[in-house]
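> Give me a model of this one.
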Amino acid sequence: MPYLIYARDFDNMDAQREQIREAHREHLRSIGDKLLASGALLDDDGTTVIGGISLIDTEDRAEAEKFANDDPYGKAGIRKETLILKWRQRWWNGNFLKS
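Model (predicted):
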């Protein structure tokens, strides 16, 4: 069962985020096929980044925590809050999945 990593950023971090964006992307690439999905969270205006979500294919919470803790955005003090949650998929492409 995958882990969802929900990260919320401090306000006004665009310049800091831009400076280390490529390091953040390398971090995402580093986990390979275990990274199921990842992307930015946006404010209602649709352009202001307020955080990010990653879905990691692992049963090991410690691995998900390490991935979250090693994120350059977190290390640079951009992240205000990070939640690591077990995720169970029940719906896909218009259909409920079998248990």
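> Tell me which residues are up against the helix or strand where residue 74 lies.
Assigned by DSSP states H and E, residue 74 belongs to helix 72-75. The contact list for helix 72-75 (Cβ atoms under 8 Å, 6 or more residues apart in numbering) reads 7, 9, 17, 20, 23, 24, 27, 52, 68, 79, 82. Heads up, the C-betas are built off the backbone N, CA and C, glycines and all.
> do the same with stretch 22-39
2, 17, 52-58, 67, 70-73.
> what about the chain, any weak spots by pLDDT?
The chain contains residues with pLDDT under 70 at 99.
> what are the ranges of the strands in it?
3-9, 35-42, 49-56, 79-86, 91-92, 95-96 (DSSP state E).
> Adding distance to residue 63 and mean neighbour count, write those strands out as a markdown table.
Shown next, in a markdown table, are these (distance: least, Cβ to Cβ, whole Å; neighbours: other Cβ atoms under 10 Å):
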| stretch | distance to residue 63 | mean neighbour count |
| --- | --- | --- |
| strand 3-9 | 8 | 19 |
| strand 35-42 | 12 | 14 |
| strand 49-56 | 7 | 19 |
| strand 79-86 | 10 | 14 |
| strand 91-92 | 24 | 8 |
| strand 95-96 | 28 | 8 |
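> Can you add distance to residue 62 and give those strands back as JSON lines?
Formatted as JSON lines, these follow (distance: least, Cβ to Cβ, whole Å):
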{"stretch": "strand 3-9", "distance to residue 62": "10"}
{"stretch": "strand 35-42", "distance to residue 62": "17"}
{"stretch": "strand 49-56", "distance to residue 62": "12"}
{"stretch": "strand 79-86", "distance to residue 62": "10"}
{"stretch": "strand 91-92", "distance to residue 62": "28"}
{"stretch": "strand 95-96", "distance to residue 62": "31"}
